[in-house]
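> Quick one, fold the following:
(one chain, ligands or ions: 1)
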Amino acid sequence: MYIISGCLLGQNCRYNGGNNFIDWVKAFSRKHNYIPVCPEVEGGLETPRPPVEIRDGRAVNREGSDVTEFFRRGCEMVWENSCRRAQELGEEIEGAILKANSPSCGSGMIYDGTFSRQLTEGDGFLTAF
Ligand code: SF4
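Below you'll find the model as predicted:
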């Protein structure tokens, strides 16, 4: 079973109410068991919501509010729900397809906390969880 960022499957859970649909991810989902996840929404944030970047290890939105606890709760929810789903299916969690550069789902590179579209090395909260 795979964990897949919901926005890559067309779910309108992005901060701006849109999605990041990618054809090959949808095609992959048709051939594998998976769970769609959105840690920001599952953690209790609304859609749409102000964009968030990671600054000094904290999740801070563009208005200056610290939403780290929402992010942490979202990671816990995603992990609990994914483990439960895998158990129901009698499968291991084989991998994840997560949206690049996101402060939640990003892997290796994320936005640098200045809201200027600059990337820096780092992982989103879910990837680091
Ligand atoms: S938290 Fe992840 S799944 Fe949710 S909108 Fe952002 S990148 Fe997509």
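> any chance you could map the strands in this protein?
2-5, 34-37, 52-55, 58-61, 95-97, 109-111, 119-121 (DSSP state E).
> Same list (the ones you listed) but as CSV, adding mean neighbour count.
The way it works is simple: take the backbone N, C-alpha and C, and place the C-beta from them, glycine included. Output for the strands of the chain, formatted as CSV (neighbours: other CB atoms under 10 Å):
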stretch, mean neighbour count
strand 2-5, 23
strand 34-37, 22
strand 52-55, 22
strand 58-61, 19
strand 95-97, 16
strand 109-111, 20
strand 119-121, 11
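> Tell me which of the ones you listed lies nearest to Gly43.
Ranking these by proximity to Gly43 (CB to CB) places strand 58-61 first, at 9.6 Å.
> send the alpha carbons of the closest one over as CSV?
The C-alpha coordinates for strand 58-61 follow below in CSV (Å, rounded to 0.1, in the frame of the first residue of the first chain):
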residue,chain,number,x,y,z
ARG,A,58,8.5,26.0,12.9
ALA,A,59,5.6,26.0,10.4
VAL,A,60,4.7,29.7,10.0
ASN,A,61,2.0,31.1,7.7
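> For it, name the packing helices and strands.
For strand 58-61, the packing partners by 3 or more CB pairs under 8 Å, 6 or more residues apart in numbering; DSSP states H and E come out as strand 52-55, helix 68-89.
> which residues sit against stretch 110-119?
51, 53-56, 60, 62, 101-103, 109, 120, 122-124 (CB atoms under 8 Å, 6 or more residues apart in numbering).
> Indicate which one of the strands of the chain is closest to Arg85.
Once the strands of the chain are compared by CB to CB, strand 34-37 is nearest, at 4.7 Å.
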